[in-house]
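Enquirer: using only what follows, build the 3D model:
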Amino acid sequence: MIPVPKRELPSCRSFFLGDLRRSAMHYYKFNIADYRKDTGHLSTIEHGIYRQLIDWYYLDEQPIPEENQVVIRRLRLGSDEVKYLQNVLSDFFVLGKTGYTHKRIAVEIKDYSEQAEKNKNNGKLGGRPKKTQVVIDGLSDESENNPNHKPLTTNHKPIYKDTKVSLSAEGLPTCPHQDILLLYKKHLPHLTQPRVWQGNRQVVLKSRWIQAAKPSNYSPEGYKTKEDGLKWWDSFFGYIANDSSLANGFKTKDRTWLPDLEWITNATNFAKIIDGKYAK
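Expert: Alright, predicted model coming up:
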C-alpha cells in the first residue's frame with residue numbers, strides 16, 4: 001500500500017454545527033519524506049495529478065469515478081496529459097465497482113467517520129469523558145522516519161530493537177528481522193541499508209513474513225519454519241538483485257531512483273514485485 005499524506009482530525013467543536021451533521025474532511029498532514037520516497041518515479045505532471053486526486057478523494061470521501069471524462073474535466077487536464085492520469089491511477093489506485101479506490105485513504109476516511117460519530121455522541125452526553133483522549137494520526141505503513149530528520153547513528157550499523165513478539169501466526173516462528181536484514185544486505189548491498197529497524201518498520205516486515213509464508217502461485221508450499229522462511233527471503237532478494245529492474249533503479253531527468261528495504265516491504269510494492277511487474 002503506497003503511503004499518502006497523513007491527516008489530523010479537526011477539534012471536537014467542528015463536529016457540532018447546526019443540526020450536528022459531520023463536517024467534511026478538509027485537512028491532513030503531509031509527510032514529505034514518505035511522499036518523496038514512494039513517488040520518486042513520478043514526473044512533475046504526475047505529481048500534480050496525484051496530489052489533486054488525493055485532495056479530491058479526501059474532500060468528497062468517495063472513490064475517484066471510473067469515467068475518464070469526469071476526472072479529466074475535474075482536474076482540467078489537456079489531451080496530452082491524459083496518459084499521465086492513467087499512470088497515476090494504475091500505480092496508486094485500484095479499480096472497483098464504485099470507482100478507483102485507495103486503501104489507505106479509505107481507511108483514514110473510515111477512521112475519521114467513526115471518530116466523528118463518537119464525538120457527536122459525546123457531545124449529546126455533555127462532552128468528551130474526562131481523561132480520555134483519542135487521536136487519529138493516520139496510518140504509517142510505509143515509514144518510521146525520525147521526526148527531526150537528524151541521523152540517529154554515525155557508524156552505519158543498524159539499530160535493531162527486537163519486539164519479542166511470540167508466534168506471528170499459527171505455527172509460524174517470530175519474524176527473524178535481523179536475519180532478513182542480513183539477506184537484504186547480502187544481495188543488494190548497493191541499495192540504502194537501514195540504520196534503524198524498529199517500530200512500524202518491524203510491524204510491516206512482520207506482515208510480509210506472514211504473507212510470504214502462505215501458499216501462493218509464487219510460492220506453492222509457502223514455509224512453516226524459520227529455516228525455510230529464510231531460504232524464501234534469500235531467493236526473493238536474489239530475484240530482485242538478478243532478475244528485476246529494481247536493482248538498477250529507474251532514471252529520471254537528473255537522477256536515478258533506487259528502492260530501499262522499506263519500499264520493498266510495503267504491501268503494494270511487495271505484491272507488484274511478486275506479480276512480476278518489475279521483471280527484466
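Enquirer: model confidence over stretch 237-251, on average?
Expert: Over the span of stretch 237-251, the pLDDT mean works out to 90.
Enquirer: for it, buried residues please.
Expert: By 16 or more other C-beta atoms under 10 Å, the buried positions in stretch 237-251 come out as 237, 239, 240, 241, 244, 246, 247, 249. C-beta here means a position set from N, CA and C on the backbone, and glycine is covered the same way.
Enquirer: same list, the residues you listed, but as TSV with distance to residue 222 and secondary structure please.
Expert: Putting these into TSV (distance: C-beta to C-beta, whole Å; DSSP: H, G, I helix; E, B strand; the rest coil) gives the following:
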residue	distance to residue 222	secondary structure
237	17	helix
239	16	helix
240	19	helix
241	22	helix
244	21	strand
246	23	helix
247	25	helix
249	30	coil
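Enquirer: which of these sits closest to residue 118?
Expert: residue 246 (42.6 Å; C-beta to C-beta).
Enquirer: helices and strands of this structure: which one bottoms out on pLDDT?
Expert: One helix or strand of the chain scores below all others by mean pLDDT, DSSP states H and E: strand 159-160, with a mean of 55.
Enquirer: any idea how this protein splits into domains?
Expert: 12-124, 159-274 (automatic domain parsing).
Enquirer: including distance to residue 280, could those domains go into TSV?
Expert: Listed next are the domains of the chain as TSV, based on distance: least, C-beta to C-beta, whole Å:
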stretch	distance to residue 280
domain 12-124	17
domain 159-274	6
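Enquirer: which of these comes out lowest on mean pLDDT?
Expert: Mean pLDDT is lowest for domain 12-124 among the domains of the chain, at a mean of 78.
Enquirer: helices of the protein, residue ranges please.
Expert: Along the chain, the segments classed as helices by DSSP state H run 32-38, 44-60, 68-75, 82-92, 103-124, 177-187, 200-213, 226-243, 261-264, 267-274.
Enquirer: the third one: which residues count as buried?
Expert: In this case it means helix 68-75. For helix 68-75, a neighbour-count test (16+ other C-beta under 10 Å) marks 71, 75 as buried.
Enquirer: relative orientation of that helix and helix 44-60 in degrees?
Expert: Counting by axes from the mean of the first three to the mean of the last three C-alpha atoms, to 10 degrees, helix 68-75 points 90 degrees away from the direction of helix 44-60.
Enquirer: packing partners for helix 68-75?
Expert: helix 44-60, helix 82-92 (3 or more C-beta pairs under 8 Å, 6 or more residues apart in numbering; DSSP states H and E).
Enquirer: same check, this time on the second one
Expert: Secondary-structure packing of helix 44-60 (3+ C-beta pairs under 8 Å, 6+ apart): helix 68-75, helix 82-92, helix 103-124.
Enquirer: ends of stretch 267-280, how far apart?
Expert: Taking C-alpha to C-alpha, to the nearest Å, the first and last residues of stretch 267-280 lie 21 Å apart.
Enquirer: report the distance from it to the chain centre.
Expert: 14 Å (C-alpha atoms, centre = their mean, to the nearest Å).
Enquirer: thanks a lot, catch you later.
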